[in-house]
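Novice: one predicted model, sequence on top.
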Amino acid sequence: MSCSGYSKYNPEAKKREKINPLAQIYPPLPKNKYDIIYADPPWDYGGKMQYDKSCIKNLNVNFEKNIFISAANFKYPTLKLNELKNLAVQSITAEDCILFMWTTGPQFAKAIELGLSWGFEYKTVAFVWDKKIHNPGRYTLSQTEFVLAFKKGRFPEPRGARNIKQLVSVYRGEHSEKPEKVIEGITLMFPTQRKIELFARKKYLGWDNWGLEIPDNKIKISSPKDIDDAKNSNTQILLTFE
Ligand SMILES: C[S@@+](CC[C@H](N)C(=O)[O-])C[C@H]1O[C@@H](n2cnc3c(N)ncnc32)[C@H](O)[C@@H]1O
């Protein structure tokens, strides 16, 4: 009997797929309006396998290395573009608002379509994350992810830091975990604005958070002054900014 990779992969994939535990597709959004929205949507890759080092370490024990890799929907429930468009982001958008949205190369076009459907204008690539290690890729070896900037109305005032760099070079961590330098940079750019992270897995002081996996403990984002103070008083800081 012949044995294809997929005949092994498909039943295993079914077992590992994460299902949204809610009766509704989304938890309720807050009633507030926000000047800054930072979103990392759980993009649907249509069951496509992805290279995932953490999976190879932890989950592939006794499973053929060359057949089974991983997929986003083994880590958390994923959402199709139409489902993401149905999230009522307009209800939490202030008149003047910037939306920062994570995307990958394959999801770039969908991310722009999503930002437009939430009522924003596409502006630029605000951050490029260089993960410093490449993954396999069909075209070139893939090593970057992107944070797109969208705007509605005018730039939220007052502006904070104007020297935040677009390129963030930080080794990748666990699957889907984004470098904290990005939220830190956005916080410094917009220190006084009302801010929310959508599809969050961490909780930052000064930010509201929304998603399926919000923990209890909060992380403080350090300003350059906090870092100096911490160095002088031997205090451990959670986030740093150079
Ligand atoms: C790409 S991950 C976010 C990773 C995060 N930015 C980090 O750095 O760790 C997407 C998140 O969206 C959450 N999610 C999936 N479906 C959701 C839904 N229907 N409503 C709210 N959150 C959802 C997932 O559980 C996951 O935590």
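Specialist: Ah, there it is. Numbers count the residues shown, from 1 in each chain.

Novice: what strands flank the lengthiest strand in the chain, and is each parallel or antiparallel?
Specialist: Scanning the chain for the strand with the most residues, using DSSP state E, yields strand 121-135. Using DSSP bridges, the strands paired with strand 121-135 are strand 142-152 (antiparallel), strand 167-169 (parallel).

Novice: this structure: helices as residue ranges?
Specialist: Ranges of helices within the chain are 5-16, 53-58, 81-85, 108-117, 180-189, 224-233, based on DSSP state H.

Novice: what residues does the fifth one touch?
Specialist: Read that as helix 180-189. Helix 180-189 is contacted from outside by 36, 38, 100, 127, 129, 147, 159-162, 164-165, 168, 170, 195, 197, 204, 206-207, 219, 221-223, 239, 241, using CB atoms under 8 Å, 6 or more residues apart in numbering. (Each C-beta comes from the backbone N, C-alpha and C, glycine too.)

Novice: show me which of these are buried.
Specialist: 36, 38, 100, 127, 129, 147, 164, 168, 195, 197, 204, 207, 221-223, 239, 241 (16 or more other CB atoms under 10 Å).

Novice: for the nearest residue to residue 167 once chain neighbours are set aside, list the residues it contacts.
Specialist: With sequence-adjacent residues excluded and distances taken as CB to CB, 6 or more residues apart in numbering, residue 167 is closest to residue 128, at 5.3 Å. Shown in contact with residue 128 (CB under 8 Å, 6+ apart): 144-147, 166-168.

Novice: any low-confidence regions in this structure?
Specialist: 1-9, 47-70, 223-242 (pLDDT under 70).

Novice: residues of it that sit close to the ligand?
Specialist: Applying CB under 6 Å from any ligand atom, we find that the chain lies next to the ligand at 20, 25-27, 40, 42, 76-77, 79, 176-178, 199, 201, 211-213.

Novice: of these, grab the buried ones for ChimeraX.
Specialist: To isolate the buried subset of the residues of the chain next to the ligand in ChimeraX, counting by 16+ other CB under 10 Å, use the following:
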select :20,26,40,42,76,77,79,176,178,199,201,211,212
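
Novice: in strands, which of the residues of the chain next to the ligand fall?
Specialist: Among the residues of the chain next to the ligand, no member falls in strands (DSSP E).
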